[in-house]
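Engineer: A predicted structure for the sequence below; I have some questions about it.
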Amino acid sequence: MDRKWVTFAVLLVVLLGGSALIALLGSGGGDSGTVKVEQAPTPEGGVEVLVTVSDDLNVLETTNDKPVVDLVCTDDAGGTVIRARQTWPFLRDGNPPAPHAHQPASPEELKTISRCKIVGTEPELSAELGLAR
């Protein structure tokens, strides 16, 4: 009888742990309520900041019907490295397929940026700078 309870407990822990892991990792590029900020190569061989948002956030309601937002990228100390106006909602031009904005940046700026925020949204949209895959 004890062996059955131990087996049941182990199975329960594995199932709950797996479910929690799936919930934490999400389902990938189609996640709702997400924003990604990445350093990405340009077709011309340069680099840029690529800001991608999920479809459910890429609506005028997110900005209280404002057609323009400010993209503010900061360094570790919170100092502004880039501040630029972007049209909202973001466009879908196919690369990447999700709604996104391309923000030109110099290699020096990219070295100092730690985080970018889309100002004037509810919920607040910000993320740390990562490398595009």
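Structural biologist: Perfect, thanks for sending it. Values in this document were obtained by computation on a predicted structure and should not be read as measured data.

Engineer: Only C-alpha atoms from now on, for both contacts and neighbour counts.
Structural biologist: Will do.

Engineer: Name the helix or strand of this protein that has the lowest mean pLDDT.
Structural biologist: Within the chain, no helix or strand scores below helix 2-25, which has a mean of 48 by mean pLDDT, DSSP states H and E.

Engineer: and the helix or strand that it is followed by, what other elements does it pack with?
Structural biologist: Later in the chain than helix 2-25, the nearest helix or strand by DSSP states H and E is strand 35-41. Under the contact definition 3 or more Cα pairs under 8 Å, 6 or more residues apart in numbering; DSSP states H and E, strand 35-41 sits against strand 47-53, strand 125-131.

Engineer: Please point out which parts of the last one sit buried.
Structural biologist: The reference is to strand 125-131. Across strand 125-131, burial judged by 16 or more other Cα atoms under 10 Å covers 125, 126, 127, 129, 130.

Engineer: Tell me the one among the residues you listed nearest to residue 97.
Structural biologist: For the buried residues of strand 125-131, the closest approach to residue 97 (Cα to Cα) belongs to residue 130, at 18.2 Å.

Engineer: Distance check, the closest residue to that closest one other than its chain neighbours against residue 66.
Structural biologist: With sequence-adjacent residues excluded and distances taken as Cα to Cα, 6 or more residues apart in numbering, residue 130 is closest to residue 38, at 4.5 Å. Per Cα to Cα, to the nearest Å, residue 38 is found 24 Å from residue 66.

Engineer: And the residue nearest the centre of this structure?
Structural biologist: residue 36 (1.8 Å; Cα atoms, centre = their mean).

Engineer: which non-adjacent residue is nearest it?
Structural biologist: Using Cα to Cα, 6+ apart, the nearest residue to residue 36 is residue 52, at 5.1 Å.

Engineer: For beta bridges, what are the partners of the one you found?
Structural biologist: Under DSSP bridges, the beta-bridge partners of residue 52 are residue 36, residue 100.

Engineer: Before I go, just wanted to say thanks for your time.
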